[in-house]
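Participant: structure here, sequence nowhere to be found:
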């Protein structure tokens, strides 16, 4: 099964269950138990364009790094698209973003890559 934390409420999903996460709702997903699991996720871009810029660059970075992207790249993307890591205290998140916004561009990381266009 899968555990979903959606706006502070925990939901357990079993085979065939569905959940809709409203735009900008705080949420996390985690595997519950030891059995293998497969989940289907459908993403629809928000009117503010988050899905059009954020997701292609996030998934492209993960794919092209064989599932092991640079933490700087991921945090840089998160911070500049208004996405927070679950359960990271706000002051720590702000320090991470401030530091990463200085270091990531110096290390060659970008917010958007031409090879990851929105389709």
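Facilitator: Received, thanks. The structure displayed is predicted, hence computed values, not measured ones. Residues are numbered from 1 along each chain as shown.

Participant: rest of the way, CA atoms for contacts and neighbours
Facilitator: OK.

Participant: skipping adjacent residues, who's closest to residue 26 in space?
Facilitator: In this structure, residue 26 finds its nearest non-sequential neighbour in residue 7, 5.1 Å apart by CA to CA, 6 or more residues apart in numbering.

Participant: my guess is the one you found contacts residue 23, does it?
Facilitator: No. Using CA atoms under 8 Å as the test, residue 7 is too far from residue 23 to be in contact (11.5 Å).

Participant: any idea how far the residue nearest to residue 26 is from residue 39?
Facilitator: Here the criterion is CA to CA, to the nearest Å. By it, residue 7 lies 20 Å from residue 39.

Participant: anything in contact with each of residue 7 and residue 23?
Facilitator: Residues touching both residue 7 and residue 23 by CA atoms under 8 Å, 6 or more residues apart in numbering: none at all.

Participant: contacts only, for residue 4.
Facilitator: Contact analysis of residue 4 by CA under 8 Å, 6+ apart lists 10-13, 27-30.

Participant: if you set the cut-off to 6 Å instead, what comes out?
Facilitator: 10-11, 28-29 (CA atoms under 6 Å, 6 or more residues apart in numbering).

Participant: need the residues you listed in JSON lines (columns: neighbour count).
Facilitator: Below are those laid out as JSON lines (neighbours: other CA atoms under 10 Å):
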{"residue": "10", "neighbour count": "13"}
{"residue": "11", "neighbour count": "13"}
{"residue": "28", "neighbour count": "16"}
{"residue": "29", "neighbour count": "14"}
